[in-house]
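J.: need coordinates for the below:
(one chain, ligands or ions: 1)
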Amino acid sequence: MKIFITGGAGFIGSNLAHYYLSRGFETVVYDNLSRPGAEKNLAWLKGNHPKLVFHKSDIRSFETLKKAAKGSTIIYHMASQVAVTKSFQDPRTDFEINALGTLNVLEAVRTQKNPPIVIYASTNKVYGSMKEISLREKALRYEYKDKKLANGIDEHFHLDFHSPYGCSKGAGGQYTHDYARIYGLKTIVFRQSCIYGNRQFGNEDQGWVAHFARKALKRRQITIYGDGKQVRDLLYIEDLIDCYLKAIENIKKTSGEIYNVGGGTSFSTSLLELIALLEKKLDKKIKIRFRDWRPGDQKVYISDVSKTKKDFGWEPKTSVSKGLEKLLAWLHSI
Ligand SMILES: NC(=O)c1ccc[n+]([C@@H]2O[C@H](COP(=O)([O-])OP(=O)(O)OC[C@H]3O[C@@H](n4cnc5c(N)ncnc54)[C@H](O)[C@@H]3O)[C@@H](O)[C@H]2O)c1
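T.: Next up, the predicted model:
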């Protein structure tokens, strides 16, 4: 069994690689190391797992990718231009990596004799800014007003690709979904909310939970774009891996499907609430400043995870408090 992970030196990818290597699976990481922190993750993987196979390569290089991916059983396609902000500055590169890069992965798979399962990491950004949803404003957070959204946003919510990143990730997701229909490939698309945890080198552009935690530990000021009452559901990395594994175990049911995954209603927090929790855990006051909202930013996004529960019995387990403790412990250790 060969596990092939594009973006395998990134946050989610390195956790996946560690999971499989720890269990003795042949694991190939394919990454161009463009993300700050990727080199550190790679060094950590190499240090712990001498059998790791690594290709310093780009998903835009089709022939290289095709050769490296040959004979895989499962492909986790995690490589991506991940920052909404960067997609504004350079939409062409964003498109080439996220949309064309994903097509490259699918084409590399389609031409194989026994095509592997493809797991695609999409994003809640495919639903756009969701400005049409009525919200209630509370002291520390916004809430959905509509009782129909009591469990969050499900997969039937209309798509509204917003920002070049939303468009390129959305296009990649639709291709991945369609390749299951048109070519009979085994693909699963996950529209992920905020994933956080160990090995996440978050910055202002992406990975805000780790970014806030790191700033707080170093007693640095945190910039909040908007009023800080925006709400996200947070999913701890180990829960996401568990979700991928269970979905793969049930591939007959899950192939060709799309799932919203996140912490769901139980594990949601506003930015202000997370800062208050950090202050409590670290027993220190955190300095914050406010700047304008960023385009396309959703005021509330909470995933409805009922479909994952119904189809393969998965639901998030790690509370925001517990997950944050694990993240802080890892940040202390590096
Ligand atoms: N972390 C989250 O909260 C979150 C939420 C929604 C979706 N996602 C998606 O999950 C996937 C993984 O996210 P992550 O948080 O681990 O990001 P990450 O930035 O930590 O990892 C991405 C990896 O891809 C590599 N990469 C970038 N461009 C590449 C290219 N052209 N060729 C080869 N490698 C390349 C980077 O060097 C990096 O190691 C991405 O597709 C992202 O869009 C993540």
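
J.: starting at the chain centroid, how far to stretch 178-196?
T.: Distance, stretch centre to chain centre, for stretch 178-196: 13 Å (CA atoms, centre = their mean, to the nearest Å).

J.: and that stretch, how far apart are its ends?
T.: 29 Å (CA to CA, to the nearest Å).

J.: same thing with stretch 52-68?
T.: 14 Å.

J.: tell me the buried residues in that stretch?
T.: Residues of stretch 52-68 classed as buried: 52, 54, 55, 57, 58, 59, 62, 64, 65, 66, 68 (neighbour count, 16 or more other CB atoms under 10 Å). For glycine as for every other residue, the C-beta is placed from the backbone atoms N, C-alpha and C.

J.: now do stretch 247-255
T.: In stretch 247-255, counting by 16+ other CB under 10 Å, buried: 247, 248, 250, 251, 254, 255.

J.: what's next to that stretch, contact-wise?
T.: Applying CB atoms under 8 Å, 6 or more residues apart in numbering, the contact partners of stretch 247-255 are 74, 117, 119, 180, 186-188, 190, 259, 308, 311-312, 314.

J.: first-to-last residue distance for it?
T.: Start-to-end, stretch 247-255 (CA to CA) is 9 Å.

J.: any idea of the mean pLDDT in it?
T.: Stretch 247-255 shows a mean pLDDT of 98.

J.: ok now it, how far from the chain's centre?
T.: Worked out by CA atoms, centre = their mean, stretch 247-255 lies 20 Å from the chain centre.

J.: name the nearest residue to residue 112, sequence neighbours excluded.
T.: Spatial nearest neighbour of residue 112, excluding adjacent residues (CB to CB, 6 or more residues apart in numbering): residue 70 at 6.7 Å.

J.: could you check which residue of this structure lies nearest the ligand?
T.: The nearest approach of the chain to the ligand comes at residue 10, 1.9 Å away (CB to the nearest ligand atom).

J.: next, count neighbours for that residue.
T.: Residues within reach of residue 10, counting by other CB atoms under 10 Å, total 30.

J.: ok, now the one 3 residues further on?
T.: Applying the criterion other CB under 10 Å, we find 28 residues in the vicinity of residue 13.

J.: contacts only, for it.
T.: Taking CB under 8 Å, 6+ apart as the test, what residue 13 contacts is 5, 6, 7, 29, 31, 41, 76, 78, 79.

J.: which of the residues you listed sits closest to residue 289?
T.: residue 41 (30.3 Å; CB to CB).

J.: of the buried residues of stretch 52-68, which ones also sit close to the ligand?
T.: 58, 59 (CB under 6 Å from any ligand atom).

J.: how about the buried residues of stretch 52-68, which pair is most distant?
T.: 52 and 62 (23.7 Å).

J.: give the closest residue to residue 244 in space, chain neighbours not counted.
T.: Nearest to residue 244 is residue 119, by CB to CB, 6+ apart, at 5.8 Å.

J.: so where does residue 173 fall, helix or strand?
T.: helix 163-183 (DSSP states H and E).

J.: what does that helix contact?
T.: Taking CB under 8 Å, 6+ apart as the rule, helix 163-183 contacts 77, 80-84, 86-88, 91, 94-95, 97-99, 101-103, 106, 109-110, 118, 120, 122-123, 125-126, 128, 159, 161, 185-187, 189, 191, 255-256, 258, 295-296.

J.: CA atoms only for the following helix or strand past it, dumped as PDB, please.
T.: Using DSSP H and E, the helix or strand that follows helix 163-183 towards the C-terminus is strand 187-192. The C-alpha trace of strand 187-192 is given here as PDB (Å, rounded to 0.1, in the frame of the first residue of the first chain):
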ATOM      1  CA  THR A 187     -12.600  10.600  -5.000                       C
ATOM      2  CA  ILE A 188     -13.900  12.400  -1.900                       C
ATOM      3  CA  VAL A 189     -14.100  16.200  -1.400                       C
ATOM      4  CA  PHE A 190     -13.900  17.700   2.100                       C
ATOM      5  CA  ARG A 191     -15.000  21.300   2.500                       C
ATOM      6  CA  GLN A 192     -12.900  22.000   5.500                       C
END
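
J.: so does strand 187-192 get close to the ligand?
T.: Yes: Strand 187-192 is in contact with the ligand by CB under 6 Å from any ligand atom, via residue 192.

J.: do stretch 24-43 as well
T.: Yes: legend: contact between stretch 24-43 and the ligand by CB under 6 Å from any ligand atom is shown at 31, 32, 33, 34, 35, 38.

J.: closest to residue 319 out of the residues you listed?
T.: For those, the nearest to residue 319 is residue 35 (27.8 Å; CB to CB).

J.: give me the distance from the lowest-mean-pLDDT helix or strand in the chain to the chain's centre.
T.: The helix or strand of the chain with the poorest confidence is helix 84-89; it has a mean of 94 (mean pLDDT, DSSP states H and E). Helix 84-89 sits 17 Å away from the centroid of its parent chain (CA atoms, centre = their mean).
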